[in-house]
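> sequence isn't available, so here's the structure alone:
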């Protein structure tokens, strides 16, 4: 049930943030982005110890934690290639330089199974929200 909710959250994030532009973008990266597709079946997070995405984020997040009065999210967009390798990390919506860097570091450590389109593994762009409690 948790995995379904997480996948739904990722899919919703992609739809909501599709129109958002990253802070800095050059013409070459925009051109490269057009060559990739959003797969029919999204890339799936997996971990060798079979922990959920949210558990992984809580374990890996190094940002100083406060009392947890307010939850804010950093949205990180990246490429999961047809081999499940991740690259091209960018903050789509951030909260501070320190939190944004920390969110990217957490996402860099994630492992994924590639997205599927027409029965074949394909390159996919996804957005993952990383929650911080302030």
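Nice, thanks for sending it over. Note that the structure is a prediction, hence the values are computed from the model and not measured. Numbers count the residues shown, from 1 in each chain.

> residue 77 reaches residue 129, doesn't it?
No. Between residue 77 and residue 129 there is no contact under CB atoms under 8 Å: 10.6 Å. C-beta: built from backbone N, CA, C; applies to glycine.

> where in the chain is pLDDT low?
Counting by pLDDT under 70, the chain shows low-confidence ranges at 1-39, 63-69.

> show me where the chain has its strands.
Here the chain has its strands, by DSSP state E, at 44-46, 71-80, 86-93, 111-113, 115-117, 120-122, 124-133.

> any chance you could list what contacts the fourth one?
Same thing as strand 111-113. With CB atoms under 8 Å, 6 or more residues apart in numbering as the test, strand 111-113 has contacts from 43-47, 80, 84, 86.

> same thing but 6 Å
Strand 111-113 is contacted from outside by 43-46, 80, 84, using CB atoms under 6 Å, 6 or more residues apart in numbering.

> next, format the residues you listed as TSV and append neighbour count.
Below are the contacts of strand 111-113 laid out as TSV (neighbours: other CB atoms under 10 Å):
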residue	neighbour count
43	28
44	18
45	22
46	16
80	28
84	15
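
> thank you kindly, that will do.
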